[in-house]
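[1] Sequence plus the predicted model coming up.
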Amino acid sequence: MIDNKIYQEIVEILSQREFFAVYGAIFGIGISWIGNWLLNRQQYKLRLWDKLLDKRIAAQENVIYAAKLLQSVTALGGLDESNNLKRIPIALLSKDNFDNSFASFTELTQINSCWLTLAAKHEVNFIQDYLVNVNEIIRKLPESELEKLALTLHVDFVILGGNLEKIAYSFFESGVLKFELEQIKKWHKYKPKITYERLYATELYKNYISEK
(Lines give C-alpha, C1' and ligand atoms only; values in the text may rest on other atoms or scores of the structure.)
Protein backbone atom coordinates (compact mmCIF):
# COMPACT_ATOMS: atom_id res chain seq x y z
CA MET A 1 0.00 0.00 0.00
CA ILE A 2 1.06 3.57 -0.72
CA ASP A 3 2.20 5.47 2.29
CA ASN A 4 -0.35 8.14 3.27
CA LYS A 5 2.22 10.92 3.04
CA ILE A 6 3.27 9.86 -0.45
CA TYR A 7 -0.36 9.63 -1.45
CA GLN A 8 -0.99 13.20 -0.27
CA GLU A 9 2.04 14.43 -2.23
CA ILE A 10 0.79 12.72 -5.40
CA VAL A 11 -2.66 14.29 -4.96
CA GLU A 12 -1.06 17.70 -4.39
CA ILE A 13 1.11 17.37 -7.52
CA LEU A 14 -1.88 16.33 -9.62
CA SER A 15 -3.92 19.22 -8.23
CA GLN A 16 -1.14 21.65 -9.10
CA ARG A 17 -0.91 20.25 -12.60
CA GLU A 18 -4.65 20.54 -13.07
CA PHE A 19 -4.52 24.12 -11.80
CA PHE A 20 -1.73 25.11 -14.19
CA ALA A 21 -3.48 23.30 -17.04
CA VAL A 22 -6.71 25.16 -16.37
CA TYR A 23 -4.84 28.44 -15.83
CA GLY A 24 -2.89 27.93 -19.05
CA ALA A 25 -6.06 27.20 -20.99
CA ILE A 26 -7.76 30.32 -19.60
CA PHE A 27 -4.65 32.41 -20.31
CA GLY A 28 -4.50 31.05 -23.87
CA ILE A 29 -8.17 31.82 -24.46
CA GLY A 30 -7.65 35.34 -23.08
CA ILE A 31 -4.67 36.00 -25.34
CA SER A 32 -6.57 34.62 -28.32
CA TRP A 33 -9.59 36.84 -27.54
CA ILE A 34 -7.44 39.95 -27.19
CA GLY A 35 -5.65 39.15 -30.44
CA ASN A 36 -8.94 38.68 -32.29
CA TRP A 37 -10.33 41.89 -30.78
CA LEU A 38 -7.30 43.89 -31.89
CA LEU A 39 -7.42 42.34 -35.36
CA ASN A 40 -11.15 43.06 -35.76
CA ARG A 41 -10.64 46.60 -34.51
CA GLN A 42 -7.88 47.17 -37.05
CA GLN A 43 -9.99 45.66 -39.84
CA TYR A 44 -12.90 47.92 -38.83
CA LYS A 45 -10.63 50.96 -38.99
CA LEU A 46 -9.39 49.94 -42.42
CA ARG A 47 -12.95 49.39 -43.72
CA LEU A 48 -14.02 52.75 -42.29
CA TRP A 49 -11.01 54.51 -43.77
CA ASP A 50 -11.70 52.84 -47.12
CA LYS A 51 -15.18 54.41 -47.16
CA LEU A 52 -13.82 57.81 -46.11
CA LEU A 53 -11.13 57.59 -48.78
CA ASP A 54 -13.78 56.96 -51.44
CA LYS A 55 -15.54 60.17 -50.37
CA ARG A 56 -12.29 62.15 -50.40
CA ILE A 57 -11.36 60.87 -53.85
CA ALA A 58 -14.84 61.69 -55.21
CA ALA A 59 -14.63 65.22 -53.76
CA GLN A 60 -11.19 65.82 -55.33
CA GLU A 61 -12.35 64.44 -58.68
CA ASN A 62 -15.28 66.88 -58.64
CA VAL A 63 -12.82 69.72 -58.05
CA ILE A 64 -10.83 68.60 -61.10
CA TYR A 65 -14.03 68.66 -63.20
CA ALA A 66 -14.72 72.17 -61.88
CA ALA A 67 -11.20 73.25 -62.82
CA LYS A 68 -11.68 71.89 -66.35
CA LEU A 69 -14.92 73.87 -66.54
CA LEU A 70 -12.97 77.10 -65.98
CA GLN A 71 -10.21 76.16 -68.41
CA SER A 72 -12.52 75.19 -71.30
CA VAL A 73 -12.17 77.78 -74.07
CA THR A 74 -13.42 78.34 -77.57
CA ALA A 75 -11.91 80.25 -80.50
CA LEU A 76 -13.81 83.24 -81.86
CA GLY A 77 -11.87 83.45 -85.09
CA GLY A 78 -9.34 86.12 -85.96
CA LEU A 79 -6.38 87.41 -83.97
CA ASP A 80 -6.15 89.57 -80.89
CA GLU A 81 -3.79 92.54 -80.35
CA SER A 82 -0.90 90.12 -79.65
CA ASN A 83 -1.51 88.20 -82.90
CA ASN A 84 -2.82 85.22 -80.97
CA LEU A 85 -6.05 83.43 -81.82
CA LYS A 86 -8.98 85.04 -80.08
CA ARG A 87 -10.08 82.65 -77.34
CA ILE A 88 -12.63 83.08 -74.61
CA PRO A 89 -13.86 80.84 -71.79
CA ILE A 90 -16.88 78.82 -72.84
CA ALA A 91 -18.43 79.96 -69.56
CA LEU A 92 -18.47 83.53 -70.94
CA LEU A 93 -20.01 82.82 -74.34
CA SER A 94 -23.26 84.32 -73.09
CA LYS A 95 -24.94 85.37 -69.87
CA ASP A 96 -26.87 82.10 -69.81
CA ASN A 97 -23.63 80.18 -70.29
CA PHE A 98 -22.10 81.95 -67.33
CA ASP A 99 -25.13 81.30 -65.12
CA ASN A 100 -25.04 77.60 -66.00
CA SER A 101 -21.26 77.33 -65.57
CA PHE A 102 -21.33 79.17 -62.25
CA ALA A 103 -24.09 76.86 -61.00
CA SER A 104 -22.16 73.77 -62.17
CA PHE A 105 -18.94 74.98 -60.55
CA THR A 106 -20.76 75.58 -57.26
CA GLU A 107 -22.46 72.20 -57.34
CA LEU A 108 -19.27 70.31 -58.16
CA THR A 109 -17.22 71.99 -55.45
CA GLN A 110 -19.85 71.89 -52.71
CA ILE A 111 -20.78 68.20 -53.02
CA ASN A 112 -18.73 66.41 -50.33
CA SER A 113 -16.81 69.66 -49.76
CA CYS A 114 -16.14 68.61 -46.15
CA TRP A 115 -13.82 65.91 -47.52
CA LEU A 116 -11.65 68.33 -49.51
CA THR A 117 -8.12 69.15 -48.42
CA LEU A 118 -7.66 72.51 -46.74
CA ALA A 119 -5.66 73.77 -49.74
CA ALA A 120 -8.52 72.84 -52.09
CA LYS A 121 -11.06 74.56 -49.82
CA HIS A 122 -8.97 77.74 -49.83
CA GLU A 123 -8.71 77.81 -53.62
CA VAL A 124 -12.36 76.87 -54.22
CA ASN A 125 -13.57 79.67 -51.95
CA PHE A 126 -11.27 82.22 -53.58
CA ILE A 127 -12.61 81.28 -57.02
CA GLN A 128 -16.17 81.40 -55.71
CA ASP A 129 -15.61 84.99 -54.54
CA TYR A 130 -14.01 85.82 -57.89
CA LEU A 131 -17.01 84.43 -59.79
CA VAL A 132 -19.42 86.35 -57.57
CA ASN A 133 -17.67 89.56 -58.68
CA VAL A 134 -17.83 88.46 -62.31
CA ASN A 135 -21.53 87.76 -61.90
CA GLU A 136 -22.15 91.25 -60.52
CA ILE A 137 -20.37 92.82 -63.50
CA ILE A 138 -22.11 90.62 -66.10
CA ARG A 139 -25.49 91.38 -64.56
CA LYS A 140 -25.05 95.08 -65.34
CA LEU A 141 -23.17 94.64 -68.62
CA PRO A 142 -24.86 95.05 -72.02
CA GLU A 143 -24.74 91.84 -74.09
CA SER A 144 -22.73 93.71 -76.74
CA GLU A 145 -19.83 94.18 -74.31
CA LEU A 146 -19.70 90.58 -73.14
CA GLU A 147 -17.15 89.50 -75.76
CA LYS A 148 -14.71 92.19 -74.60
CA LEU A 149 -15.14 91.01 -71.01
CA ALA A 150 -14.60 87.40 -72.05
CA LEU A 151 -11.41 88.22 -73.95
CA THR A 152 -10.10 90.18 -70.97
CA LEU A 153 -10.87 87.49 -68.39
CA HIS A 154 -9.63 84.58 -70.51
CA VAL A 155 -6.24 84.66 -68.77
CA ASP A 156 -7.85 84.72 -65.30
CA PHE A 157 -10.01 81.70 -66.02
CA VAL A 158 -7.07 79.67 -67.35
CA ILE A 159 -4.85 80.58 -64.39
CA LEU A 160 -7.52 79.95 -61.77
CA GLY A 161 -8.52 76.65 -63.34
CA GLY A 162 -4.88 75.58 -63.61
CA ASN A 163 -4.15 76.40 -59.97
CA LEU A 164 -7.22 74.53 -58.79
CA GLU A 165 -6.39 71.49 -60.90
CA LYS A 166 -2.82 71.42 -59.58
CA ILE A 167 -4.02 71.55 -55.96
CA ALA A 168 -6.55 68.77 -56.57
CA TYR A 169 -3.93 66.52 -58.21
CA SER A 170 -1.51 67.09 -55.31
CA PHE A 171 -3.95 65.10 -53.15
CA PHE A 172 -3.44 62.04 -55.37
CA GLU A 173 0.32 62.52 -55.28
CA SER A 174 0.65 62.54 -51.50
CA GLY A 175 -2.53 63.18 -49.49
CA VAL A 176 -4.28 60.00 -50.61
CA LEU A 177 -1.76 57.92 -48.62
CA LYS A 178 -2.24 59.84 -45.35
CA PHE A 179 -4.39 58.03 -42.80
CA GLU A 180 -5.59 61.26 -41.22
CA LEU A 181 -8.14 63.99 -41.85
CA GLU A 182 -7.44 67.69 -41.71
CA GLN A 183 -9.28 69.60 -39.02
CA ILE A 184 -12.69 70.76 -40.23
CA LYS A 185 -12.55 73.72 -37.83
CA LYS A 186 -9.63 75.31 -39.70
CA TRP A 187 -10.63 78.48 -41.58
CA HIS A 188 -11.76 77.62 -45.11
CA LYS A 189 -10.53 80.82 -46.79
CA TYR A 190 -7.13 82.36 -47.46
CA LYS A 191 -5.98 85.05 -45.06
CA PRO A 192 -7.18 88.51 -46.17
CA LYS A 193 -3.66 89.58 -47.17
CA ILE A 194 -3.29 86.64 -49.59
CA THR A 195 -6.84 87.11 -50.91
CA TYR A 196 -6.30 90.77 -51.74
CA GLU A 197 -2.87 90.19 -53.26
CA ARG A 198 -4.28 87.57 -55.61
CA LEU A 199 -7.39 89.58 -56.43
CA TYR A 200 -5.32 92.67 -57.31
CA ALA A 201 -3.29 90.54 -59.74
CA THR A 202 -6.36 89.47 -61.76
CA GLU A 203 -7.47 91.05 -65.02
CA LEU A 204 -10.91 91.33 -63.46
CA TYR A 205 -9.63 93.71 -60.81
CA LYS A 206 -7.33 95.67 -63.12
CA ASN A 207 -9.96 96.26 -65.78
CA TYR A 208 -13.32 96.24 -64.01
CA ILE A 209 -13.05 96.65 -60.25
CA SER A 210 -10.23 99.16 -59.70
CA GLU A 211 -11.91 101.56 -62.14
CA LYS A 212 -15.02 101.88 -59.97
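    Yes, it's here. Numbering: from 1, shown residues only.
[2] for residue 104, what are its contacts?
    66, 69 (C-beta atoms under 8 Å, 6 or more residues apart in numbering). Heads up, the C-betas are built off the backbone N, CA and C, glycines and all.
[3] And it, how far from residue 172?
    Separation of residue 104 from residue 172 (C-beta to C-beta, to the nearest Å): 22 Å.
[4] Next: residue 92.
    In terms of C-beta to C-beta, residue 92 sits 30 Å off from residue 172.
[5] pLDDT-wise, which helix or strand of the protein ranks last?
    Least confident helix or strand, the chain: helix 4-71 with a mean of 67, by mean pLDDT, DSSP states H and E.
[6] and whichever helix or strand comes after it, which strands flank it?
    Using DSSP states H and E, the helix or strand that follows helix 4-71 in sequence is strand 73-79. As defined by DSSP bridges, the strand partners of strand 73-79 come to strand 85-89 (antiparallel).
[7] Look at residue 155 and say how many residues are nearby.
    Number of residues near residue 155 (other C-beta atoms under 10 Å) recorded here: 14.
[8] mind listing what it touches?
    Neighbours of residue 155 in contact, by C-beta under 8 Å, 6+ apart: residue 203.
[9] Leaving out sequence neighbours, find the closest residue to residue 122.
    residue 190 (5.1 Å; C-beta to C-beta, 6 or more residues apart in numbering).
[10] typed the wrong thing, it's residue 168
    Of all residues not flanking residue 168 in the chain, residue 63 sits nearest, at 4.3 Å (C-beta to C-beta, 6+ apart).
[11] Look up how far residue 85 lies from that neighbour.
    28 Å.
[12] The two: who's more crowded?
    residue 63 (27 against 11).
[13] follow-up on the earlier one: the more surrounded of residue 92 and residue 172?
    Applying other C-beta under 10 Å to residue 92 and residue 172 shows that residue 92 carries more neighbours, namely 23 against 13.
[14] how much space is there between that one and residue 197?
    24 Å.
[15] ok, then the element right after the host helix or strand of residue 129?
    Element membership for residue 129, per DSSP H and E: helix 118-140. Counting by DSSP H and E, the next helix or strand C-terminal to helix 118-140 is helix 146-173.
[16] for that next one, what is the average pLDDT?
    Averaging pLDDT along helix 146-173 yields 92.
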